[in-house]
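> what shape does this take:
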Amino acid sequence: MEGLLKFFESTAFTSITFPHVMMIIIGCVFIYLAIVKDYEPLLLVPIGFGVLIGNIPFNELAGLRIGIYEDGSVLNYLYFGVLQGVYPPLIFLGIGAMTDFSTLLSNPKLMLLGAAAQIGIFATFMGAIALGFDADHAAAIGIIGGADGPTAIFLSSKLAPDFLGAIAISAYSYMALVPVLQPPVMLALTNKKERLIRMKPPRSVSKLEKILFPIIGLLVTTFISPSALPLLGMLFFGNLLKESGVTKRLAETAARPLIDIVTILLGLTVGASTQATVFITTNSVMIFGLGAASFVVATAGGVLFAKFMNLFLKEGDKINPLIGNAGVSAVPDSARVSQMIGLRYDKNNHLLMHAMAPNVAGVIGSAVAAGILLSFFAQ
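Now for the predicted structure:
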């Protein structure tokens, strides 16, 4: 009987609490949304399962070294890549190797939509300050408005490691919910006539332009924001691997196996970092609320700026404001939302290629914004 009692005391049943149950339910919801609703399954399945792993309760005094926050545990070693900002640049390398910047190069003015959507970052920053967060913590929370998970992890690992789990989960959760969050804002801010605007087909971009872009882009953006070098350097390097035409194997490795491996490790460890004993706090709830507001503000900023640009554009050159939502960095989901809403009103009006321009500009813009915030608030 003593042996059975000792065994029972070592099980999770004796340590489980209501917060653990809540987090396990949230993890199951993430997995449900990924599998049934097809909301960013490559992100939500690893994160959701990581939430389950991180919330299996155990006796922390037993010295088992199995929790993600315990020195010497396997999960803690894997989490090192999150805490030290190792994984985000590798993700950016893969994104660069997968991304075609042709639509941006063919119509550079659409880059302004990507810049306009970054208002979500600075609005969230001010909202966090108003709620009583320190300036460095507010800067890390604000980056959620860029709708860029790796950038949010990179900045929070530098400025707010104690909030990293909440910021990362918030950023990735709302990225997955882009098809739900953005359409109501887009429809509320546009009329039927604007939704029917047809844009000129993008011009053909030469190979030389594609090769020069990552080189020039790196120099321009990192001279403006040197602190963003780890992210932007890897983004443009990956793109040069793709566009040079002579490093096909390296580009394919970065765009497929490497980014897949890093996504698995990142998603699983970020999910596991939601351990109920340290995750469920008032600050986490406020961060989630600010994250939702930031996505709404960022989407509105892109759409409204497209309408503003149309005031100065001739008939035939006008921008369909439905692509303004794609200024956030959720590539390519926000661009797909532009396409989906556009086709709802005109089955022959394909906006995807146009929307990809502000979408990739948003990736660059959020990284630049992160670098600026880091340079201001890093100790």
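> got a list of what residue 301 touches?
Listed by CB atoms under 8 Å, 6 or more residues apart in numbering, the contact set of residue 301 reads 116, 117, 118, 119, 120, 324, 327. Glycine gets a C-beta too; all of them are placed from N, C-alpha and C.
> which element is it on?
helix 282-310 (DSSP states H and E).
> what's the next helix or strand after that helix packed up against?
Note on helix 282-310: by DSSP H and E, the next helix or strand toward the C-terminus is helix 333-345. Under the contact definition 3 or more CB pairs under 8 Å, 6 or more residues apart in numbering; DSSP states H and E, helix 333-345 sits against helix 178-189, helix 192-195, helix 352-377.
> how far does whichever strand or helix holds residue 78 sit from its chain's centre?
Element membership for residue 78 (DSSP H and E) is helix 74-83. From the chain centre to the centre of helix 74-83 is a distance of 20 Å (CA atoms, centre = their mean, to the nearest Å).
> can you check the pLDDT for residue 254?
If you check residue 254, the pLDDT there is 96.
> ah, wrong one, I meant residue 168
Model confidence at residue 168 (pLDDT) stands at 87.
> and what of residue 333?
86.
> from the contact counts, what lies against whichever strand or helix holds residue 208?
Using DSSP H and E, residue 208 falls within helix 207-224. For helix 207-224, the elements it packs on are helix 102-106, helix 229-244, helix 352-377, judged by 3+ CB pairs under 8 Å, 6+ apart.
> what does it rub up against?
Taking CB under 8 Å, 6+ apart as the rule, helix 207-224 contacts 96, 101-102, 105, 228-229, 232-233, 236-237, 239-240, 243-245, 364, 367-368, 371.
> before we move on, what about stretch 15-23?
Stretch 15-23 has contacts (CB under 8 Å, 6+ apart) with 51, 54, 55, 57, 58, 59, 274, 275, 276, 277, 279, 280.
> would you check which pair of these lies furthest apart?
51 and 59 (20.4 Å; CB to CB).
> out of those two, which sits in the more crowded spot?
The residue with more neighbours, out of residue 51 and residue 59, is residue 51; 30 against 13, by other CB atoms under 10 Å.
> now do the contacts for the more buried one.
With the criterion set at CB under 8 Å, 6+ apart, residue 51 makes contact with 23, 24, 26, 27, 30, 271, 272, 274.
> could you do residue 366 as well?
Neighbours of residue 366 in contact, by CB under 8 Å, 6+ apart: 118, 121, 143, 146, 147, 148, 151, 328, 329.
> center of the protein, which residue is that?
residue 148 (2.2 Å; CA atoms, centre = their mean).
> distance of the residue lying closest to it once chain neighbours are set aside relative to residue 211?
Ranked by CB to CB, 6 or more residues apart in numbering and with sequence neighbours excluded, the top spatial neighbour of residue 148 is residue 329, at 3.7 Å. Look at residue 329 and residue 211: by CB to CB, to the nearest Å, they are 24 Å apart.
> compare those two (neighbour count), which wins?
Neighbour count, other CB under 10 Å: between residue 329 and residue 211, residue 329 has more, with 32 against 15.
> how about the contacts made by that one?
Residue 329 touches 146, 147, 148, 151, 359, 362, 363, 365, 366, counting by CB under 8 Å, 6+ apart.
> go again using 10 Å as the cut-off
Contacts for residue 329 (CB atoms under 10 Å, 6 or more residues apart in numbering) come out as 95, 114, 117-118, 143, 145-152, 171, 175, 298, 359-367, 369.
> quickly compare the helices and strands packed on helix 333-345 and say which is most buried.
helix 352-377 (a mean of 25; mean count of other CB atoms under 10 Å).
> show me just the buried residues among the contacts of residue 301.
116, 117, 118, 119, 120, 324, 327 (16 or more other CB atoms under 10 Å).
> okay, the residues you listed in TSV with secondary structure, pLDDT and distance to residue 109 next?
Output for those, formatted as TSV (DSSP: H, G, I helix; E, B strand; the rest coil; pLDDT from 0 to 100; distance: CB to CB, whole Å):
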residue	secondary structure	pLDDT	distance to residue 109
116	helix	90	12
117	coil	89	15
118	coil	89	16
119	helix	90	18
120	helix	88	21
324	helix	92	13
327	helix	89	13
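> any idea which helix or strand comes after the helix or strand of the chain with the lowest mean pLDDT?
When the helices and strands of the chain are scored by mean pLDDT, DSSP states H and E, helix 2-10 comes last with a mean of 74. Note on helix 2-10: by DSSP H and E, the next helix or strand toward the C-terminus is helix 18-35.
> now do the buried residues in that next one.
Here helix 18-35 shows 19, 20, 23, 24, 26, 27, 30, 31, 33, 34 as buried, counting by 16+ other CB under 10 Å.
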